[in-house]
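[1] attaching a predicted model along with its sequence, questions to come.
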Amino acid sequence: MNQLTPDLLDTSGPLLLLPDAVLLPEGPADGHAVVVADGSFRAVGPAGELVREHPHLDPVRLPGHLLMPGFVDSHHHLTQSFGSALAFGEPSEIFRRVWVPLEGALDEESAYVAAKLAAYEALRGGFTTVADAGTRAGVDVEVVASAARDAGIRCVLGLVCNDAENGDPSVLDNAEKHLARYADDPLVHPSLAVSVPEAATEQTLRGTARLAAEAGAVVQIHVNEHLAGVERSLVRHGLRPLEHLHAIGALGPQLLAAHATLLTPREITLLADTGTAVSYNPVASAWKGNAVAPATALAERGVRFGLGTDGTRGDGFRLAEAAEFAQRIAYGLATGDSSCGAGWTWLEHATRGGADAVGLGARTGTIAEGLAADFLLVDVTNPELALSWDLPWELVRRGNRDQLTAVFVAGRMRLWCGRPVDWDGPALVRQAAGLARATVGRAAITRVHPTSTQARERSTAR
């Protein structure tokens, strides 16, 4: 680590930053610099040119650092953070047994703390944007929005629009109000959400698609995630979930299909032809899924997709590695594909591709003039990255969050060496620990698998 200090970067004024390299879409650009002002990149280019063009700015030299786009988590559940470890060893479709009762036990305070804790973990892992798929907690969604703002992360905030069970006649009115409520928020971007296709009426599925398209927003729906969900749709509609959404006119650029792990060749064609986006969640597949989405095939067909954590763990580098690793295990080994995206694929879809998938491609995800200054300063002097031969590949396979010196969102430094610069992170963690015990204690959670300690006892007893 060099002698860079946070006071050089923690300022509201313009910054002229001179790292060793800037990660552009075409690759690392040595000797490049950026100018950050009013939350955006005002200029990106060769360092010498920017120094000459901005003589009124004192250059901040960042030796030993790469400046790269912040990661985009294209699928999260911020208010589920109290139960993240409850998924371990559990079979699929745990939302009925764990997530619904857990979120149902949250009050306003615990929902806020849970969401802010998740945002804190995401920032620590280099995520500058998270897409929240909507909370089931019985609180105003502004509680989650406030948590994201207070943490300092950009948030695509879903409003759940399920109405199949209760027949809520106001669901589309509420959706329209939600889109208007956050239309001008600098950090919170409104989105609509439906848990799974069968959770909403066809009228609402079509209506949310129309409203989102008109507002330039996205509708987040869990699609083709588990065998049980596919089979329910076949029984009910004679069509798979993605086919059903296509049949009623709900596919399109406004749809963000979460997971999409179980895809037929025909469904990949539907995604490509309609411009529908996908959130590829490889860690969720490993922890609680039935399959791994065919992401290399999606990339080859030009299907828009980002990478999502599904609330599993908030480390952007480990997510990119899991994206490549899962493709190699699930598809590459069987076909002799030793590259599986050549590294850059997963880095790109963790940043620029993710921003596009969540509807923010014109705002963030790339180091480019005019876009939001959402970026990371990565220390590349550590043993994992210093002997560099192919930095994009190395970031995917050898990067990790302890290499992050600083995280910036909207031009402001939010974290320095893993700690918030303007609020007390450890105090939040202590508060969350107490609230989590109380919340999980009163939630009617049903787990199938014993804890690892109990499992060991049973195994040794046999």
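    All right, it came through fine.
[2] C-alpha only now, for contacts and for neighbours.
    OK.
[3] how about low-confidence regions in this protein?
    The chain contains residues with pLDDT under 70 at 1-3.
[4] so the residue nearest the centre of it is in which element?
    Nearest to the mean C-alpha position of the chain, by CA atoms, centre = their mean, lies Asp73 at 1.0 Å. Under the criterion of DSSP states H and E, Asp73 resides in strand 71-76.
[5] quick one: contacts of that strand?
    126-133, 258, 279, 281, 306-311, 316, 350-352, 354-355, 357-358, 365 (CA atoms under 8 Å, 6 or more residues apart in numbering).
[6] check stretch 448-456 too.
    Under the criterion CA under 8 Å, 6+ apart, residues 89-91 lie in contact with stretch 448-456.
[7] same check on stretch 430-440?
    Under the criterion CA under 8 Å, 6+ apart, residues 82-83, 102, 105-106, 110, 113-114, 117 lie in contact with stretch 430-440.
[8] Leu8: which of the residues you listed is nearest?
    Leu8 lies nearest to Leu117 out of the contacts of stretch 430-440, by CA to CA, at 27.1 Å.
[9] I'd guessed the closest one sits against Pro426; true?
    No: taking CA atoms under 8 Å as the definition, Leu117 is not a contact partner of Pro426, at 10.1 Å.
[10] tell me which of those two has more neighbours.
    Per other CA atoms under 10 Å, whichever of Leu117 and Pro426 has more neighbours is Leu117, with 25 against 11.
[11] strands along the stretch 251-400 of the chain, start to end?
    Using DSSP state E, counting those that start in this stretch, the strands of the stretch 251-400 of the chain run over 255-259, 277-280, 304-307, 375-379.
[12] and the contacts of stretch 448-456 as CSV, adding distance to Glu243 and neighbour count?
    Shown next, in CSV, are the contacts of stretch 448-456 (distance: CA to CA, whole Å; neighbours: other CA atoms under 10 Å):
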residue, distance to Glu243, neighbour count
Gly89, 31, 15
Glu90, 28, 16
Pro91, 25, 14
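[13] got the end-to-end distance for stretch 273-281?
    End-to-end distance of stretch 273-281: 22 Å, with CA to CA, to the nearest Å as the criterion.
[14] name the residues of that stretch that are buried.
    Within stretch 273-281, the residues scored as buried using 16 or more other CA atoms under 10 Å are 274-281.
[15] if we can go back for a sec, got the angle between the strand holding Asp73 and strand 375-379?
    120 degrees (axes from the mean of the first three to the mean of the last three CA atoms, to 10 degrees).
[16] contacts for the helix or strand that strand 71-76 is followed by?
    Per DSSP H and E, the first helix or strand lying C-terminal to strand 71-76 is helix 100-104. Helix 100-104 has contacts (CA under 8 Å, 6+ apart) with 79-80, 83, 111, 135-138, 439-440, 443-445.
[17] packing partners of the next helix or strand after helix 100-104?
    Counting by DSSP H and E, the next helix or strand C-terminal to helix 100-104 is helix 108-124. Helices and strands touching helix 108-124, by 3 or more CA pairs under 8 Å, 6 or more residues apart in numbering; DSSP states H and E, are strand 127-132, helix 142-151, strand 412-416, helix 425-442.
[18] for Ala47, find the nearest of these.
    Evaluated with CA to CA, those place strand 412-416 nearest to Ala47, the distance being 21.1 Å.
[19] may I have the closest one as CSV, with CA atoms only?
    This file holds the C-alpha atoms of strand 412-416, laid out as CSV (Å, rounded to 0.1, in the frame of the first residue of the first chain):
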residue,chain,number,x,y,z
ARG,A,412,-17.9,11.0,-3.4
MET,A,413,-15.6,8.7,-1.6
ARG,A,414,-17.9,6.4,0.4
LEU,A,415,-15.3,3.8,1.8
TRP,A,416,-11.7,4.0,2.6
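[20] list the buried residues for that strand?
    Neighbour-count burial for strand 412-416 flags 412-416 (criterion: 16+ other CA under 10 Å).
[21] most tightly surrounded among the helices and strands packed on helix 108-124?
    strand 127-132 (a mean of 30; mean count of other CA atoms under 10 Å).
[22] adjacent strands (with direction) for that strand?
    Applying DSSP bridges to the sheet, strand 127-132 is found paired with strand 71-76 (parallel), strand 154-160 (parallel).
[23] switch those over to JSON lines; also include distance to Leu435.
    JSON lines is the format used below for the strands paired with strand 127-132 (distance: least, CA to CA, whole Å):
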{"stretch": "strand 71-76", "distance to Leu435": "20"}
{"stretch": "strand 154-160", "distance to Leu435": "23"}
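[24] and these, which is most packed in?
    For the strands paired with strand 127-132, the largest average neighbour count (mean count of other CA under 10 Å) is found in strand 71-76, namely a mean of 33.
[25] that one versus strand 255-259: what angle between them?
    Computed by the same axes, to 10 degrees, the angle between strand 71-76 and strand 255-259 is 80 degrees.
[26] could you number the chain from 10 rather than 1 from now on?
    Will do, 10 is the new start, and the previous item becomes strand 80-85.
[27] relative to helix 117-133, how tilted is strand 80-85?
    Going by the same axes, to 10 degrees, strand 80-85 makes 140 degrees with helix 117-133.
[28] would you map the helices across the stretch 210-359 of the chain?
    Along the stretch 210-359 of the chain, the segments classed as helices by DSSP state H, counting those that start in this stretch run 211-224, 236-246, 250-256, 274-283, 291-297, 304-310, 325-336, 342-344, 353-358.
[29] nearest to Leu59, out of those helices?
    The nearest among these, by CA to CA, is helix 353-358 at 25.8 Å.
[30] quick one: residues in contact with that closest one.
    34, 314-316, 329-330, 332-333, 363, 401-402, 404-405.
[31] same thing but at 6 Å, please
    Identification of contacts with helix 353-358 by CA atoms under 6 Å, 6 or more residues apart in numbering yields 315, 329, 401.
[32] likewise stretch 143-150?
    Contacts of stretch 143-150 (CA under 6 Å, 6+ apart): 112-113, 115, 117, 167-169.
[33] what's the offset of that stretch from the middle of its chain?
    Chain-centre distance of stretch 143-150: 19 Å, with CA atoms, centre = their mean, to the nearest Å.
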